[in-house]
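> I would like the atomic coordinates for the input below:
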Amino acid sequence: MLFRTIPALALTGAVLLAGAPAAATAQTAAKPEAAPPITRTALKQRLDSEFQELDANKDGFLSKEEIQAAFSREVTDMQAKLREKQKQDFDKLDTNHDGKLTLDEYQAATSISANAVAVDARLQALDTNKDGKISAAEYQNRLLVQFDKLDKNKDGSLSASERMAAAPKQ
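Next up, the predicted model:
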């Protein structure tokens, strides 16, 4: 809130963050929704409201102390949210719920993630028509194309010298 209230950032922050709830869920949604439009009048009302909230002594000005207090509240709120997220993440990893994370629990959770990423990468590389399935032709295509590149004399076989030329240099 504070960053949208300071005049240099107010318009940019408030306009860009007007759709923050939609943007926060956009990562998990299949198709992100566009942020609703905001009128100048609505923006002014929001800024006036935020200013009133920040102006603790109601003198019509924001002092360094009031800005510091608002910033401290924001940092405290962000830290609390981060601690809650960390607790949720820990609870997911702590499969036996004993409050301790063993190496086995950690490895099980991270290997699943690494495997999922590797499988997704392989699927995307092989699925040339992007239908989410690998046909026999797609499965063979990548290696057959590589074979054809290595078969320099185009005789349909890889000689020892062609295989040697393709081998990684050490």
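
> any idea how this structure splits into domains?
1-88, 94-126, 135-170 (automatic domain parsing).

> least reliable of those domains going by mean pLDDT?
Of all the domains of the chain, domain 1-88 carries the lowest average pLDDT, namely a mean of 74.

> Please produce CSV containing the domains of the chain, extended by mean neighbour count.
From N, CA and C alone the C-beta is placed, and that goes for glycine too. Converted to CSV, the domains of the chain look like this (neighbours: other Cβ atoms under 10 Å):
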stretch, mean neighbour count
domain 1-88, 12
domain 94-126, 11
domain 135-170, 10
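
> how about the strands of this structure, start to end?
For the chain, applying DSSP state E gives no strands.

> Which residue ranges of it form helices?
Listed in chain order, the helices found in the chain under DSSP state H are 2-5, 7-17, 20-26, 40-54, 64-93, 103-126, 136-150, 160-166.

> I'd like to know which of those lies nearest to residue 34.
Nearest of those to residue 34, taken as Cβ to Cβ: helix 20-26 at 7.5 Å.

> before we move on, back to that, make JSON lines out of the helices of the chain and add distance to residue 33.
Listed next are the helices of the chain as JSON lines, based on distance: least, Cβ to Cβ, whole Å:
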{"stretch": "helix 2-5", "distance to residue 33": "21"}
{"stretch": "helix 7-17", "distance to residue 33": "15"}
{"stretch": "helix 20-26", "distance to residue 33": "5"}
{"stretch": "helix 40-54", "distance to residue 33": "18"}
{"stretch": "helix 64-93", "distance to residue 33": "23"}
{"stretch": "helix 103-126", "distance to residue 33": "25"}
{"stretch": "helix 136-150", "distance to residue 33": "34"}
{"stretch": "helix 160-166", "distance to residue 33": "50"}
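
> Tell me the spacing between residue 141 and residue 124.
Applying Cβ to Cβ, to the nearest Å, the value for residue 141 to residue 124 is 14 Å.

> for residue 137, same thing?
Counting by Cβ to Cβ, the gap from residue 137 to residue 124 is 17 Å.

> Repeat that for residue 59.
Distance, residue 59 to residue 124, by Cβ to Cβ: 59 Å.

> cool, and residue 39?
From residue 39 across to residue 124, the span is 42 Å (Cβ to Cβ).

> And for residue 105?
Plainly put, residue 105 is 29 Å away from residue 124 if you go by Cβ to Cβ.

> And for residue 135?
Relative to residue 124, residue 135 is positioned 15 Å away (Cβ to Cβ).

> just residue 162 next, same as before
29 Å.

> ok, residue 163 touching residue 151?
No: using Cβ atoms under 8 Å, residue 163 is not in contact with residue 151; the gap is 10.3 Å.
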